[in-house]
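**Student:** my questions concern the predicted model and sequence given below.
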Amino acid sequence: MSFSPLTLLRRTQQTAFVALQYALPHHLLSHLMWRLTRIRIRWLKNFFIRHFIRLFRVDMSEAEQPDPTAYPDFNHFFTRALAADARPLAVGEGNVICPVDGTVSQLGRLEYETLFQAKGHRYSLSHLLADHTEAVQTFQDGHFATLYLSPRDYHRIHMPLAGTLREMIYVPGRLFSVNPTTVSRVPDLFARNERVICLFNTDAGPMAMILVGAIFVASIDTLWHGTITPPRGKTVQHWDYRKHPVHLQQGEEMGRFNMGSTVILLFGKNAVTFSDQLTAEGHVQMGQLLGTRADS
C-alpha cells in the first residue's frame with residue numbers, strides 16, 4: 001500500500017503528536033491552564049477570548065451573554081450559559097436526550113464487558129469503572145455512547161433523563177488528549193485518564209455518566225459537589241448519596257468541564273434504543289433525541 005507525500009506527512013505529524021503526550025507533564029500543564037484561564041487582566045483575557053472565538057468559530061449569538069468582553073475571565077466565557085431557547089429539549093414519554101453539544105465518538109452495545117474505543121482499540125468496563133463490581137455487573141451487555149466535546153462546543157453537561165444520584169467516584173489517572181487522533185492511537189485511553197463516575201437511578205434503570213478528564217481540562221465540577229478536581233488525588237475516592245439523594249430533572253445541568261473533554265453514558269442491558277439518526281463522528285446538540293427507553 002502506497003501513500004501520497006501529504007498523507008505520509010500527516011500521519012508522521014499525528015504519530016509525533018501522540019508520542020509527545022506520553023512524555024508531557026499532563027497535570028502540571030493542566031494546572032498552568034487552570035491559572036491562565038482565570039486571569040482577570042481585562043485586555044489580556046479579552047485578547048484570549050476574541051482569539052479563541054475566531055480560531056474555533058464560536059457562535060456567540062447562542063449565548064445568554066453574547067458580549068465576549070462581559071465575561072470576567074476566560075473560564076467564565078468557556079463555561080458560558082446558553083440563551084433559554086437555544087437548545088429545545090426533545091421531551092416525550094420515554095425519550096432520552098443528548099446531555100451535551102459535541103460529536104458522537106462511538107455508540108452501541110457492549111460486548112459483555114467490552115466497549116469500542118476506535119478502530120483497533122477496545123477497553124474493559126471493569127477498568128473504566130475502577131473495578132466497581134456492582135456497577136460492572138449492572139452494565140454488562142448494556143449500551144454506551146461516547147460524546148466528545150471540542151473546544152468550540154458548549155461545555156455544560158445536562159441530564160439525559162430525570163434521575164437520582166446514587167454514588168460518585170473520582171478516579172485519578174493520566175490526562176491524554178481526547179481528540180479523535182489520540183483516541184485512535186492510545187490504547188485504553190478513557191480507562192487511563194482521570195475521570196468522575198456518576199451513578200444514577202432513572203426510569204430506564206441504572207445510568208452512568210462518566211466525565212473524562214483530558215490535558216488542559218483544568219477542572220471538573222458537578223452541581224451537587226462543586227469542584228471535584230483540582231486538587232487532583234492519587235487514590236480513588238467514593239461518595240455515597242443513597243442516604244442523602246440528589247434528584248435532578250431531565251435537561252437539568254449536572255456538571256461542567258472547565259475546558260473540553262468527553263462524556264461516556266452507560267445504560268443497562270435492553271434498557272434503551274439509540275436513535276438510528278446517530279452515527280459515529282456525527283454532530284449532536286444538547287437536548288436533541290438520543291434514544292428512547294426500551295419499555296416506551
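**Tutor:** Ah, there it is. This one's a predicted model, so the numbers in the text were calculated from it and none came from an experiment.
**Student:** which sections of the protein are below the confidence cut-off?
**Tutor:** Residues of the chain meeting the criterion pLDDT under 70: 1-12, 14, 17-18, 21, 25-27, 119, 216-218, 231-232, 259-260.
**Student:** recalculate using a threshold of 50.
**Tutor:** Nowhere does the chain drop to pLDDT under 50.
**Student:** which stretches in it count as helices?
**Tutor:** For the chain, the helices defined by DSSP state H cover 5-23, 26-36, 42-56, 74-78, 125-128, 133-139, 180-183, 189-192.
**Student:** out of those, flag the one nearest Pro230.
**Tutor:** Pro230 lies closest to helix 26-36 among these, at 6.4 Å (C-beta to C-beta). Where C-beta positions appear, they are placed from N, C-alpha and C, glycine not excepted.
**Student:** chain center to the closest one, what's the gap?
**Tutor:** Its chain's C-alpha centre and that of helix 26-36 lie 19 Å apart, by C-alpha atoms, centre = their mean, to the nearest Å.
**Student:** could you give the angle of that helix to helix 42-56?
**Tutor:** Interaxial angle of helix 26-36 relative to helix 42-56 (axes from the mean of the first three to the mean of the last three C-alpha atoms, to 10 degrees): 120 degrees.
**Student:** circling back to that earlier point, of all the helices of the chain, which one comes closest to Ile210?
**Tutor:** Of all the helices of the chain, helix 125-128 sits nearest to Ile210, with 6.9 Å by C-beta to C-beta.
**Student:** counting by contacts, list what that closest one packs against.
**Tutor:** Packing partners of helix 125-128 (3 or more C-beta pairs under 8 Å, 6 or more residues apart in numbering; DSSP states H and E): strand 114-118, helix 133-139, helix 189-192.
**Student:** single out the most deeply packed of these.
**Tutor:** helix 189-192 (a mean of 22; mean count of other C-beta atoms under 10 Å).
**Student:** OK, contacts around Leu278?
**Tutor:** Applying C-beta atoms under 8 Å, 6 or more residues apart in numbering to Leu278 gives the contacts 104, 107, 145, 284, 290-291.
**Student:** quick one: which of these is nearest Ile264?
**Tutor:** Of all these, Ile264 sits closest to Ala145, with 7.3 Å by C-beta to C-beta.
**Student:** just give the nearest non-adjacent residue to the closest one, would you?
**Tutor:** Leu107 (4.0 Å; C-beta to C-beta, 6 or more residues apart in numbering).
**Student:** and for Gln249?
**Tutor:** Gln249 sits nearest to Ala162 (C-beta to C-beta, 6+ apart), 5.1 Å away.
**Student:** next up, phi/psi of that neighbour, please.
**Tutor:** Here is the backbone geometry of Ala162 (degrees, to the nearest 10): phi -60, psi 140.
**Student:** isn't it right up against Thr202?
**Tutor:** Yes - Ala162 lies in contact with Thr202 (C-beta atoms under 8 Å); the separation is 6.6 Å.
**Student:** comparing the two, which residue is more hemmed in?
**Tutor:** Comparing Ala162 with Thr202 by other C-beta atoms under 10 Å, the one with more neighbours is Thr202, at 20 against 15.
**Student:** gap between the more buried one and Val284?
**Tutor:** Separation of Thr202 from Val284 (C-beta to C-beta, to the nearest Å): 19 Å.
**Student:** and for Met60?
**Tutor:** 20 Å.
**Student:** rewinding a little: export the helices of the chain as a markdown table, with columns for distance to Pro245.
**Tutor:** Converted to a markdown table, those look like this (distance: least, C-beta to C-beta, whole Å):
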| stretch | distance to Pro245 |
| --- | --- |
| helix 5-23 | 39 |
| helix 26-36 | 31 |
| helix 42-56 | 38 |
| helix 74-78 | 30 |
| helix 125-128 | 24 |
| helix 133-139 | 17 |
| helix 180-183 | 34 |
| helix 189-192 | 27 |
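**Student:** who wins for proximity to Ser296 among those?
**Tutor:** Relative to Ser296, the nearest member of those by C-beta to C-beta is helix 133-139, separated by 20.0 Å.
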